[in-house]
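> would you be able to build a 3D model of this:
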Amino acid sequence: MPKFMDIHHNMKGLTADQLREAHQADLDIQGDEGVTFEHAWADTDSGEVFCLSDAPSAEAVQRIHERAGHKADEVHQLTLSV
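Numbers count the residues shown, from 1 in each chain. Prediction:
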């Protein structure tokens with residue numbers, strides 16, 4: 001299954017609890033699109049949030065994020081790993 005990294009911009013000041021809640025909202029419905037969210041990170045100074053997932057497509061990742069209430073600004077397929 002392809003791996004994806006998505007990015008959310010403009011989330012400055014996000015707390016750890018808010019990040020956990022947003023990630024859990026994705027986890028609660030991820031199966032509807034065959035997505036498996038692995039991890040989420042945030043840089044609270046820049047307001048960037050990064051999510052790593054396995055999914056059938058970038059569109060599936062985006063649909064889950066949209067339904068969970070936090071549309072991604074970018075979704076990138078990771079095609080090479082070392």
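
> hey, let's count contacts and neighbours off CA atoms from now on
Noted.

> which strands and helices sit next to the host helix or strand of Gln18?
Using DSSP states H and E, Gln18 falls within helix 16-29. When contacts are defined as 3 or more C-alpha pairs under 8 Å, 6 or more residues apart in numbering; DSSP states H and E, helix 16-29 packs onto strand 36-43, helix 58-68.

> using PDB, write down the CA coordinates of that helix.
Backbone C-alpha positions of helix 16-29 (Å, rounded to 0.1, in the frame of the first residue of the first chain) are rendered in PDB as follows:
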ATOM      1  CA  ALA A  16      -0.800  18.400  22.400                       C
ATOM      2  CA  ASP A  17      -4.400  17.600  23.400                       C
ATOM      3  CA  GLN A  18      -5.700  19.200  20.200                       C
ATOM      4  CA  LEU A  19      -3.300  17.200  18.100                       C
ATOM      5  CA  ARG A  20      -4.300  14.000  19.800                       C
ATOM      6  CA  GLU A  21      -8.000  14.800  19.300                       C
ATOM      7  CA  ALA A  22      -7.500  15.600  15.600                       C
ATOM      8  CA  HIS A  23      -5.400  12.400  15.100                       C
ATOM      9  CA  GLN A  24      -8.100  10.400  17.000                       C
ATOM     10  CA  ALA A  25     -10.800  11.800  14.700                       C
ATOM     11  CA  ASP A  26      -8.900  10.500  11.700                       C
ATOM     12  CA  LEU A  27      -8.400   7.100  13.400                       C
ATOM     13  CA  ASP A  28     -12.100   6.800  14.200                       C
ATOM     14  CA  ILE A  29     -13.100   6.800  10.500                       C
END
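
> buried residues in it, which are they?
Going by neighbour count (16 or more other C-alpha atoms under 10 Å), the buried part of helix 16-29 is 19, 22-23, 25-27, 29.
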